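> Okay, here's the prediction I keep looking at, along with the sequence it came from:
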Amino acid sequence: MDLQLYIGGEWTDGTGDETYEIRSPVTGEHIYTLPKPTPADIDRAVAAARAATEELRHWSAFERADLCHRIARLWAERVEEVARILTLEQGKPYHAEAIDDIAESGDYFSIAAEDAKRLTGEVIPTTERHRRMVTLRRPVGVWAAITPWNFPVMIPMEYVGPGLATGNAFVIKPPEFTAWALLEMAKVFDEAGVPPGAINIVPGGGDVGAYLVAHDGVDAVGFTGSSETGRKIVASMGLKRSIMEMSGNGPLVVAADADVEAAATAAVYGAYYNAGQVCCATERVIVVDDVHDEFVAATLTAAERDVRLGDPFDPATTMGPLNNEATAEKMDRHLADAVARGAEILTGGGRADGFPTSLYYRFTVVDGVPEDSALSQEESFGPVVPILVARDDQEAVEIANRSHLGLQAAVFTRDLSKAWWYADHIRSGTVIVNDSTDFWETFQPFGGAAGTDTGWGRQRIEEFTDLQTVVFNLDDG
Ligand code: NAD
């Protein structure tokens, strides 16, 4: 399959000679060729976006809402077809995950359409009787959306849904190796009547992203990816507005009074969903000592019952391959380091044999994980439940907070007061009580806690607007 860039409402091979050749993590086969965007292609996309936002800012909120509803309707017709492509390029199970993933990505447009209709400014009281002061919500303008490979369609739409509904335009730069489903869905934008240039898609590597975020024609950066890359972007983007959604190291705390079986089921789910390649995956399980043995037994039972590693197109499969070799190598490294520091692998522990690629990873449970291991300190992004032990609630919170990341934490307890105590003490953008760290709703305000390397901002509709204050002096004499 030969793919093209989507710039200014047109499909183009771009102006360069270089191409990306992409293989599927599922089959190992070559699945597409994609032109590598050049700086000139990016310049064109940014200019097209500028023209589009200049037009869209004059549309009424209801006109933009109609456009978003049209996108959502056309989107729903293509879910299954695009979900197949997503599975092939990303690796997530088609039946268990990819269909919902693509369907929910369309919800961003219907939700934003209604939010935009209700977004209001203010009338601010003044000191003088002949003055009036009002605030209006203007679009921010041209956004660079730099997005990752774990949710290749959903994450860009988290920006585009609310952003388009408020009159912004986008140059999206997804990774070159998970670009097909997104480019396929872009056909819906044409059909729905999105103004040319309001949404541009220029897949590529870090060099393409680096050129885009530093571009003078870009007003704001929406970045979802690793904290490491985020640090480089912040250093190079200059004085631009930003939403930064970065790495997580989700703790799941099991208190002594928890429903241990429910906690184990949630921990396993949080580690195998999308093969653990989720920013809010369960990355550390902190179990209060009293229930440690019970929790370990329940976790092994849940893993045996719920995890089926296999061909992601098979309806029985609940976990597909990892997406890429760098992620698999990181898992290898984190497990070796944990074992060297005294941890014990209870099940799994490496790559599975007998599959078309070496990216199929066995579901892994590790007990006695020391806090100073990479498995505990860093985001592993693979199918692993690392178990750490705490003496009591106080120590559980201290372990949870001894991390430079703070995205989404979970706590299992039957005691409402204790649940609040945890929410008051865990430094995390979201705290989930009695459900997986992977709990997710498209409309949930989601993002990092201040003071951590996870980032800032939430993809709420207000963040795509700029408050303009207008003052009227009514005294004409
Ligand atoms: P990554 O940081 O390697 O890449 C993310 C994007 O940045 C890619 O499009 C990449 O090409 C681009 N990029 C790389 N270098 C760049 C540079 N110098 N300038 C501009 N762009 C550059 O991350 P990844 O491996 O694709 O994604 C996994 C990470 O994303 C994990 O850390 C995960 O936790 C995080 N993530 C966070 C959220 C969230 O909402 N907080 C959601 C999903 C993923």
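Yep, it's here.
> For beta bridges, what are the partners of the residue nearest to Val287 when sequence neighbours are not counted?
Closest residue in space to Val287, ignoring its immediate chain neighbours: Val254 at 4.5 Å, by CB to CB, 6 or more residues apart in numbering. The way it works is simple: take the backbone N, C-alpha and C, and place the C-beta from them, glycine included. As for beta bridges, Val254 partners with Val287, Phe412 under DSSP bridges.
> Could you pull up the residues touching Val254?
Val260, Ala263, Ala267, Val285, Ile286, Val287, Val288, Val291, Phe295, Phe412 (CB atoms under 8 Å, 6 or more residues apart in numbering).
> Mind putting those into a markdown table with pLDDT and distance to the ligand?
Shown next, in a markdown table, are the contacts of Val254 (pLDDT from 0 to 100; distance: CB to the nearest ligand atom, whole Å):
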| residue | pLDDT | distance to the ligand |
| --- | --- | --- |
| Val260 | 98 | 28 |
| Ala263 | 98 | 23 |
| Ala267 | 98 | 18 |
| Val285 | 98 | 18 |
| Ile286 | 98 | 19 |
| Val287 | 98 | 23 |
| Val288 | 98 | 27 |
| Val291 | 98 | 29 |
| Phe295 | 98 | 25 |
| Phe412 | 98 | 23 |
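> Highest neighbour count among those?
Val285 (32 neighbours; other CB atoms under 10 Å).
> Give me the contacts around the helix or strand in which that one is found.
If you go by DSSP states H and E, Val285 is part of strand 284-288. Applying CB under 8 Å, 6+ apart, the contact partners of strand 284-288 are 249-256, 267, 295, 299, 369, 376, 385-393, 396, 399-400, 403.
> Show me which of those residues are buried.
249-256, 267, 295, 299, 369, 376, 385-390, 393, 396, 399-400, 403 (16 or more other CB atoms under 10 Å).
> In strands, which of those appear?
Judged by DSSP state E, strands contain the following of the buried ones among the contacts of strand 284-288: Pro251, Leu252, Val253, Val254, Val385, Pro386, Ile387, Leu388, Val389, Ala390.
> Show me what the fifth one is bridged to.
Assessed by DSSP bridges, Val385 has beta-bridge partners Val365.
> Spit out the contact partners of it.
Shown in contact with Val385 (CB under 8 Å, 6+ apart): Ala267, Val268, Ala271, Thr282, Val285, Thr299, Ala303, Thr364, Val365, Val366.
> how many other residues sit next to the residue nearest to Ile426 when sequence neighbours are not counted?
Nearest non-adjacent residue to Ile426, counting by CB to CB, 6+ apart: Ala409, 4.8 Å away. Using other CB under 10 Å, Ala409 has 31 other residues around it.
> which SSE is Ala409 in?
Counting by DSSP H and E, Ala409 is part of strand 408-412.
> Extract the CA atoms of that strand and return them as CSV.
Extracted in CSV, the C-alpha atoms of strand 408-412 (Å, rounded to 0.1, in the frame of the first residue of the first chain):
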residue,chain,number,x,y,z
GLN,A,408,-3.4,8.3,37.1
ALA,A,409,-3.4,6.2,40.3
ALA,A,410,-5.8,3.6,41.6
VAL,A,411,-6.6,2.6,45.2
PHE,A,412,-8.6,-0.4,46.4
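> Following element in sequence after that strand, please.
Toward the C-terminal end, the helix or strand that comes next after strand 408-412 (DSSP H and E) is helix 416-425.
> can you list contacts of that following helix?
Val253, Ala255, Asp257, Asp393, Val397, Asn401, Ala409, Val411, Thr413, Val431, Val433, Asn434.
> mind showing which ranges of this structure have poor pLDDT?
Counting by pLDDT under 70, the chain has low-confidence residues at 476-477.
> Any figure for the gap between the residue nearest the centre of it and Phe443?
In the chain, the residue lying closest to the centroid (CA atoms, centre = their mean) is Ile155, at 4.9 Å. According to CB to CB, to the nearest Å, Ile155 and Phe443 sit 15 Å apart.
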